[in-house]
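Asks: build me a model from this:
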Amino acid sequence: MSYRPPRGLLDLVLHPLRSLPLSVLALGGLLLAPMAHAADPDPDPQAEKGAQATITGLSLVGEGLKVRIQWAEKAELPSDLVLTSYGYKDEPTDSVGVHPEPGKETEVELHGASKEFWKEGWSQRLVLADKDGGEPILTQPFNFNLECPDDKECQVTVAPGVGTDGDVLHVSEELDAALTQIAEKSGEGKEVDLLDEVVAINPHLRGQAVAYSLALSKLQVQGPCTCVWQAVYSQNPSGSGYSVYINNAGGIVSGTNGPGAKHALTALGRNGISHAFNGISQVNLRLNCSRWVITYYIEWVVTWPGGPRFGILVPRLSIVPCTSTCRVRFDHQGRISGSTFAAYTSPGAATAYEQDSYRVDGTFLLNTAASNGGFFNQISGTSVASNVGSIGRVDAYGYVYAYSPAFPYFASASVSNGYSIAIHGQSSCPYGPYGHAAVWTYGTSQGTPQTTSLRNSIRNFFLNWGIWTNP
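Replies: I've put the predicted structure just below:
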């Protein structure tokens with residue numbers, strides 16, 4: 001027996017955040033009171049299907065990017081789709097035709113997506129759409145990186161990422177923590193070798209430090225204290241998430257948890273069965289300020305998994321930590337949605353519970369729950385001033401329980417959810433960066449209309465600040 005996830009709620013009518021003067025700069029100081037909007041409920045919340053296509057794997061084979069796509073069992077899709085990769089400045093790097101196979105997994109390769117990625121951009125995105133255009137079926141930002149066991153050779157890696165615009169560097173939580181520790185340890189004005197200091201803190205970050213040096217050197221900025229935009233993205237479950245299928249005397253549980261705060265979970269009861277999912281998605285947009293100089297270049301050997309080897313010149317950076325006099329405003333928008341369904345015949349029982357929250361710098365703006373047929377779809381935003389950075393985070397929890405002691409009794413419970421996080425940064429710095437930065441992430445198990453609605457929310461939010469994004 002199958003269960004179709006609840007139908008998405010009506011799209012929100014966005015009320016953009018108003019521009020306010022930046023008169024007081026206090027770390028984490030709120031400039032706008034939290035505001036929340038909720039859409040009117042759809043009259044038939046059970047009618048919508050779940051995600052039609054999901055990227056379940058990214059890997060490198062030779063010089064090619066291998067992508068696995070899982071199709072919904074009853075996917076209603078065009079017979080011909082195109083998967084396109086986009087690199088730096090949102091220019092296409094490669095594309096391949098894809099033919100959906102409902103209920104199956106398709107594997108395709110994009111060779112151009114990884115060709116000279118250090119020039120096309122360490123951060124790229126995949127878009128699956130009808131060959132004749134229209135709204136994408138799905139999008140997936142991803143990052144190239146390096147793993148370097150020693151100071152001579154590195155291997156290319158790839159992993160899911162977060163959407164950004166312009167010259168925003170993508171940095172892991174571990175590398176961001178190491179860079180912060182280096183600045184605190186070194187003190188103001190003391191010159192240190194970036195690679196040596198990172199490796200001393202964590203040898204496993206050697207490859208990320210090499211990639212960071214390459215990306216940083218491309219920005220070609222100068223000054224006694226120069227800042228760069230950085231996006232620090234984390235999610236749990238990481239990667240593409242994981243699936244669960246349990247079939248025992250208690251009943252059947254199936255679903256997917258992640259990536260991040262997205263999940264879908266269903267229970268069909270016999271003697272009683274339950275399960276729960278937890279997920280977190282977090283984005284930190286921040287400035288990293290220092291003065292750096294390229295002391296010399298050294299050639300490293302870079303290899304592809306099972307592919308060729310080539311040499312690449314890597315700059316050796318000496319950095320001098322500094323305290324910036326930047327004035328920065330961070331504008332946030334977050335959205336959470338959840339749907340629940342529970343049905344049973346006596347003496348059975350069923351429970352479905354979904355609770356999602358959205359917060360900025362630790363302050364809750366949304367914290368909403370629904371159960372046994374209830375659903376929610378809310379959006380909220382605020383602005384903060386900080387000369388460091390600001391964090392948007394979504395936590396999600398879903399629980400199902402079903403008990404049906406004997407045939408023909410029946411019990412079923414299901415939950416699904418969705419979320420989006422968007423951060424706009426606007427800086428005024430003596431030596432850069434100037435202007436705006438945009439960071440976003442989103443995910444949903446509630447179907448294509450909800451995916452489109454989340455994308456529109458993000459797009460409209462950034463358009464309010466004069467930024468065009470294509471999430």
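Asks: next up, the contacts around Val210.
Replies: Contacts for Val210 (Cβ atoms under 8 Å, 6 or more residues apart in numbering) come out as Leu146, Cys148, Cys154, Leu195, Trp300, Val314. Where you see a C-beta, it was placed from the backbone N, CA and C, and this is true even at glycine.
Asks: one more time with 6 Å, if that's ok
Replies: By Cβ atoms under 6 Å, 6 or more residues apart in numbering, Val210 lies in contact with Leu146, Cys148, Val314.
Asks: looking at those residues, which one is closest to Thr382?
Replies: Nearest to Thr382 among those: Leu146, at 36.7 Å, using Cβ to Cβ.
Asks: next, the contact list for the nearest residue to the closest one once chain neighbours are set aside, please.
Replies: Nearest residue to Leu146, sequence neighbours excluded (Cβ to Cβ, 6 or more residues apart in numbering): Gly207, at 3.7 Å. Gly207 makes contacts with Leu146, Glu147, Cys148, Cys154, as judged by Cβ under 6 Å, 6+ apart.
Asks: what about those residues, which are in strands?
Replies: Leu146, Glu147, Cys154 (DSSP state E).
Asks: what's the closest of those residues to Asn456?
Replies: Nearest to Asn456 among the ones in strands among the contacts of Gly207, with distances taken as Cβ to Cβ, is Leu146, at 35.8 Å.
Asks: from Leu60, how far out is the closest one?
Replies: 12 Å (Cβ to Cβ, to the nearest Å).
Asks: neighbour count winner among those two?
Replies: Comparing Leu146 with Leu60 by other Cβ atoms under 10 Å, the one with more neighbours is Leu146, at 23 against 20.
Asks: from His204, how far out is that one?
Replies: Going from Leu146 to His204 by Cβ to Cβ gives 12 Å.
Asks: try Asn247
Replies: From Asn247 to His204 the distance is 39 Å (Cβ to Cβ).
Asks: and of the contacts of Gly207, the nearest to Tyr434?
Replies: Using Cβ to Cβ, the contacts of Gly207 come closest to Tyr434 at Leu146, 29.5 Å.
Asks: about what we covered before: the residue nearest to Leu146 belongs to a helix, doesn't it?
Replies: Yes: counting by DSSP: H, G, I helix; E, B strand; the rest coil, Gly207 is found in a helix.
Asks: list the buried ones in stretch 61-78?
Replies: Glu63, Gly64, Leu65, Lys66, Val67, Ile69, Gln70, Trp71, Ala72, Ala75, Leu77 (16 or more other Cβ atoms under 10 Å).
Asks: and the longest strand seen in the chain, what's buried?
Replies: Longest strand in the chain by number of residues (criterion: DSSP E): strand 273-303. Neighbour-count burial for strand 273-303 flags 273-275, 277, 279, 281-292, 300, 302 (criterion: 16+ other Cβ under 10 Å).
Asks: quick check: mean pLDDT of the very next helix or strand once past it?
Replies: Heading C-terminal from strand 273-303, the first helix or strand you meet, by DSSP states H and E, is strand 309-321. The pLDDT scores in strand 309-321 average 88.
Asks: ok now the helix or strand just after strand 309-321, how far from the chain's centre?
Replies: Of the helices and strands lying after strand 309-321 in sequence (DSSP H and E), the nearest is strand 327-344. Averaged C-alpha coordinates place strand 327-344 at 14 Å from its chain's average position (Cα atoms, centre = their mean, to the nearest Å).
Asks: using PDB, write out the CA atom coordinates for strand 327-344.
Replies: Output of strand 327-344 as PDB, limited to C-alpha atoms (Å, rounded to 0.1, in the frame of the first residue of the first chain):
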ATOM      1  CA  ARG A 327      29.700  48.100   8.300                       C
ATOM      2  CA  VAL A 328      27.600  45.200   7.300                       C
ATOM      3  CA  ARG A 329      23.800  44.600   7.200                       C
ATOM      4  CA  PHE A 330      22.400  41.000   7.000                       C
ATOM      5  CA  ASP A 331      18.800  40.500   5.900                       C
ATOM      6  CA  HIS A 332      17.200  37.100   6.500                       C
ATOM      7  CA  GLN A 333      14.200  35.200   5.200                       C
ATOM      8  CA  GLY A 334      13.300  31.700   6.300                       C
ATOM      9  CA  ARG A 335      10.300  29.500   5.500                       C
ATOM     10  CA  ILE A 336       9.100  26.200   6.900                       C
ATOM     11  CA  SER A 337       6.200  24.000   5.900                       C
ATOM     12  CA  GLY A 338       5.000  20.700   7.200                       C
ATOM     13  CA  SER A 339       2.100  18.200   6.500                       C
ATOM     14  CA  THR A 340       0.800  15.300   8.500                       C
ATOM     15  CA  PHE A 341      -1.600  12.500   7.900                       C
ATOM     16  CA  ALA A 342      -3.000   9.800  10.300                       C
ATOM     17  CA  ALA A 343      -5.800   7.300   9.700                       C
ATOM     18  CA  TYR A 344      -6.900   4.100  11.500                       C
END
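Asks: what lines up beside that strand in the sheet?
Replies: With DSSP bridges as the test, strand 327-344 is paired with strand 375-385 (antiparallel), strand 411-428 (antiparallel).
Asks: so how far is Arg316 from Ala298?
Replies: Let me fix one detail, which is that residue 298 is Ile and not Ala. The gap separating Ile298 from Arg316 is 6 Å, by Cβ to Cβ.
Asks: buried set for stretch 371-381?
Replies: Buried residues in stretch 371-381 (16+ other Cβ under 10 Å): Ser371, Gly374, Phe375, Phe376, Asn377, Gln378, Ile379, Ser380, Gly381.
Asks: could I have the CA atoms of that stretch written out in CSV?
Replies: What follows is stretch 371-381, C-alpha atoms only, in CSV (Å, rounded to 0.1, in the frame of the first residue of the first chain):
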residue,chain,number,x,y,z
SER,A,371,-0.2,16.6,14.0
ASN,A,372,-2.7,14.0,12.7
GLY,A,373,-3.9,15.9,9.6
GLY,A,374,-2.6,19.3,10.4
PHE,A,375,-0.2,21.3,8.3
PHE,A,376,1.6,24.7,8.2
ASN,A,377,3.4,26.9,5.8
GLN,A,378,5.1,30.0,7.3
ILE,A,379,7.6,32.6,6.4
SER,A,380,9.5,35.1,8.5
GLY,A,381,12.3,37.6,8.1
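Asks: what packs against whichever strand or helix holds Val253?
Replies: Per DSSP H and E, Val253 falls inside strand 251-257. Where contact means 3 or more Cβ pairs under 6 Å, 6 or more residues apart in numbering; DSSP states H and E, strand 251-257 is packed against strand 242-248, strand 263-269, strand 273-303.
Asks: got TSV for those strands, with mean pLDDT too?
Replies: What follows is the helices and strands packed on strand 251-257, written out as TSV (pLDDT from 0 to 100):
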stretch	mean pLDDT
strand 242-248	95
strand 263-269	97
strand 273-303	92
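Asks: for the ones you listed, which one sits closest to Glu101?
Replies: Smallest distance to Glu101 across the helices and strands packed on strand 251-257 (Cβ to Cβ): 17.9 Å, for strand 242-248.
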